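Model the following, please.
(one chain, ligands or ions: 2)
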Amino acid sequence: MRAILTDIEGTTTSLSFVADILFPYARAHLPAYVAAHPAEAAPILAEVEAAEPGDPIATLLRWIDEDRKATPLKTLQGMIWADGYASGAFTGHVYADAVAALRRWHAAGVALYVFSSGSVAAQKLLFGYSDAGDLTPLFSGYFDTTTGPKREAASYAKIADAIGVAADEVLFLSDIAEEIAAARSAGMEALLIDRAGGAGDIATFDEVSV
Ligand SMILES: CSCCC(=O)C(=O)COP(=O)(O)O
Ligand SMILES: [Mg+2]
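Numbers count the residues shown, from 1 in each chain. Ligands and ions are numbered 1, 2, ... in the order given. Got it, this is the predicted structure:
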């Protein structure tokens, strides 16, 4: 493999860090953040209102509760989390086996990329302020839903094009079967990870040979 493309939530990072730490932090700070940053928030609120007419703050809070992977929500969450990471309210959870494997693969010359529904800014924060320190030097690039939905093959074809590596030389890792199917449709190798040790192809990054 010349490149590895990884999902975050459920793959490098626990579901509970996202659901129990990140989302509640964004929920609690969203109204005050929007009030304090009107210029930055305005285009995001306009996009939310265009998608669902009504009070955009109420819509955003509901989208958090529904775990909606909507780009404007993800953009705003990334902005809010920046304060949380910078103040030390939390650090980014990355499984120990993922940290070790990412370091090993990087040292072996495999190019590492991220594809997550979280915004690129949020991805850089999570790995930059990770429990294991700054992991961003390991990554060659980041992709989010501005490239396309994670369950559509075209998104993976675009990523392969963008990184300049043939799709069949890219390995994608994710905890979501539909994402794995989309990556395979685009010609990538792909492994379904189930960190609970259930029906996935792998349970940890230790099982991946490159
Ligand atoms: C990296 S941002 C935090 C996680 C997040 O908001 C998210 O939507 C993660 O989705 P993924 O595609 O990584 O499963
Ligand atoms: Mg995931």
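
what does the protein put close to ligand 1?
7-10, 18, 22, 69, 74, 77, 116-118, 122-123, 126, 150 (CB under 6 Å from any ligand atom). Quick note: C-beta positions are derived from backbone N, CA and C, even for glycine.

Tell me both backbone torsions, phi and psi, for residue 111.
phi -80, psi 130 (degrees, to the nearest 10).

tally of neighbours for it?
20 (other CB atoms under 10 Å).

Also residue 137?
9.

and if you look at residue 156?
If we define neighbours as other CB under 10 Å, then residue 156 has 27 of them.

mind listing what it touches?
With contact taken as CB atoms under 8 Å, 6 or more residues apart in numbering, residue 156 is in contact with 5, 115, 167, 170, 172, 182-183, 185-188.

What strand or helix carries it?
Secondary structure from DSSP states H and E places residue 156 in helix 153-163.

Relative to the whole chain's centre, how far out is that helix?
Offset of helix 153-163 from its chain centre (CA atoms, centre = their mean, to the nearest Å): 16 Å.

contacts for the very next helix or strand once past that helix?
Downstream of helix 153-163, the next assigned helix or strand under DSSP H and E is strand 170-174. The contact list for strand 170-174, computed with CB under 8 Å, 6+ apart, reads 1-7, 10-11, 115, 150, 156, 159-160, 163, 179-180, 183, 188-193, 202, 205, 208, 210.

could you point out which element follows strand 170-174?
helix 177-185.

Which residues does that following helix contact?
5, 7, 150-153, 155-156, 172, 174, 190-192.

The same query, at a cut-off of 10 Å, please.
5, 7, 11, 115, 117, 148-157, 159-160, 167, 170-174, 176, 188-194, 199-201 (CB atoms under 10 Å, 6 or more residues apart in numbering).

how about the residue lying farthest from the centre of the chain, what does it touch?
Distance to the chain centre peaks in the chain at residue 54, reaching 28.1 Å (criterion: CA atoms, centre = their mean). For residue 54, the contact set (CB under 10 Å, 6+ apart) comprises 48, 62.
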